[in-house]
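1. any chance you can model this:
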Amino acid sequence: MAPIEDEKRDDPDMTIPSWKRTVFLLHGVDSKGLWYTWVSKALQPHLHCVGVRYERYQHLGKLKIMFRPLWFGVGLVMIIVCPFAKHFSDLLGSPELLAAGVFSVIASRWLSHCDRIATERIVAVQVNEQLRVGFRPNIVAHSFGTALAGQLFERFQIEFSGVCLAGSVLPRRFDWASLVKGSRERVQRVRNDVAPADSVVKLAGMLTTLGTSGIDGFDEVPGIVHSPSKRPCHDCEQAHAPVHNFRFPFRHNDHFVGTNHTLREYLPFFLDVEPVEFALFTELCRAGAVALESRDSAAVASVELRFRSQHWKWAKSTIDGYINESLFLRRNSTLFLVEESTTAKVIRGMWILVDHAWAAIERGEHDACSLSVRPRFAAQRAMEGV
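-> Sure, this is the predicted structure:
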């Protein structure tokens, strides 16, 4: 297990101020990013949320991805009217007008491409303004925002830690290998929420040049992209794949309805805790707190047995091992031995802290008291009193 001194420097869960651990939020077309409110509410106590906004695609966004609507509409009218109008006017039926219509349609496509490049630059400028030296940011991108995020990785070469994609329109064969491997990796970890029922992504794949990784997932690449059949992903314990496809029964915007998905999936991901393990940790802590409150010694003993026998990945050991090493380093003494009663006291303290934190969240209080939902934070807080 990594020593506490290393955690103080590198651990995003404990000692780095939240404003240094930025998570960018990037919305799609025909959207003002209203889902930012829900995601920020869940993540803000733990991370510094920054909403990236662009106005070009707020109205008629789905059409603007393909062409400039006005130019395309005028050109299409010219092309349609021209063959029939020659009986009424030589000007309306002239080849020049037909050529102008064709030019207008082609220009609408080119201008749409220029608009997209300009939007990519606007997004990159906003992201660069919020970067902190020495700390990689995270990002949550939705729909067309995933395409813009792809350009942040590839074109602007901005380095990210955790990347969450929802309703992704990146191509299935997106070149993750060049981004997650090598001496200068631009992306460390990626989770792609795959929703086969997402009709918006399906339609975008049919009508535009955008991809369908939001409904089909990224193509598997050994050691790079993996689609686990169940969670946690035991296959990655030996050969870690930095990009994962996870399936959910969502439609296009369901990821951001309420805070549940963000709290139980995105938050542990950004804290580098397996969401399934995060859920188990939460379940056991809350069960232990209930048993303590009801003074049910048999239930307390049962929960404590499961809690202490579990090998926690976030601790890189059992909870006993994590507590012993942490207290040993805190006391800075080679003669220090952790008593059994001390370990039990810390564990019970963790249960109470985690239960109180989740109770606060359920009341809608996403503030500093909710920080104890994080395993390492709860453990360190519980150790302060022993």
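2. okay, which residue is most central for this structure?
-> When the chain is reduced to its mean C-alpha position, the nearest residue by Cα atoms, centre = their mean turns out to be residue 164, at 2.5 Å.
3. elements contacting the host helix or strand of it?
-> For residue 164, the host element (DSSP states H and E) is strand 160-166. Helices and strands in packing contact with strand 160-166 are listed as strand 138-142, helix 144-154, strand 187-194, helix 213-216, helix 267-270; criterion 3 or more Cβ pairs under 8 Å, 6 or more residues apart in numbering; DSSP states H and E. Where C-beta positions appear, they are placed from N, C-alpha and C, glycine not excepted.
4. now the second one, how far from the centre of its chain.
-> Distance of helix 144-154 from its chain centroid, counting by Cα atoms, centre = their mean, to the nearest Å, is 13 Å.
5. for it, which positions count as buried?
-> 144, 145, 146, 147, 148, 149, 150, 151, 152, 153 (16 or more other Cβ atoms under 10 Å).
6. for stretch 186-197, same thing?
-> Going through stretch 186-197 with 16+ other Cβ under 10 Å, the ones that come out buried are 186, 187, 188, 189, 190, 191, 192, 193, 194, 195.
7. just the C-alphas of that stretch, formatted as PDB.
-> The C-alpha trace of stretch 186-197 is given here as PDB (Å, rounded to 0.1, in the frame of the first residue of the first chain):
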ATOM      1  CA  ARG A 186      -3.200  12.700 -23.000                       C
ATOM      2  CA  VAL A 187      -5.900  10.700 -21.300                       C
ATOM      3  CA  GLN A 188      -5.500   8.400 -18.300                       C
ATOM      4  CA  ARG A 189      -9.000   6.800 -17.900                       C
ATOM      5  CA  VAL A 190     -12.200   6.800 -19.900                       C
ATOM      6  CA  ARG A 191     -15.600   5.400 -19.200                       C
ATOM      7  CA  ASN A 192     -18.200   5.400 -22.000                       C
ATOM      8  CA  ASP A 193     -21.800   5.000 -21.000                       C
ATOM      9  CA  VAL A 194     -23.400   2.900 -23.800                       C
ATOM     10  CA  ALA A 195     -27.200   3.200 -24.200                       C
ATOM     11  CA  PRO A 196     -28.600   1.100 -27.000                       C
ATOM     12  CA  ALA A 197     -31.900   2.900 -26.600                       C
END
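8. related to what we said a few turns ago, which element follows the strand holding residue 164 toward the C-terminus?
-> Tracing the chain past strand 160-166, the next element assigned as helix or strand by DSSP H and E is helix 177-180.
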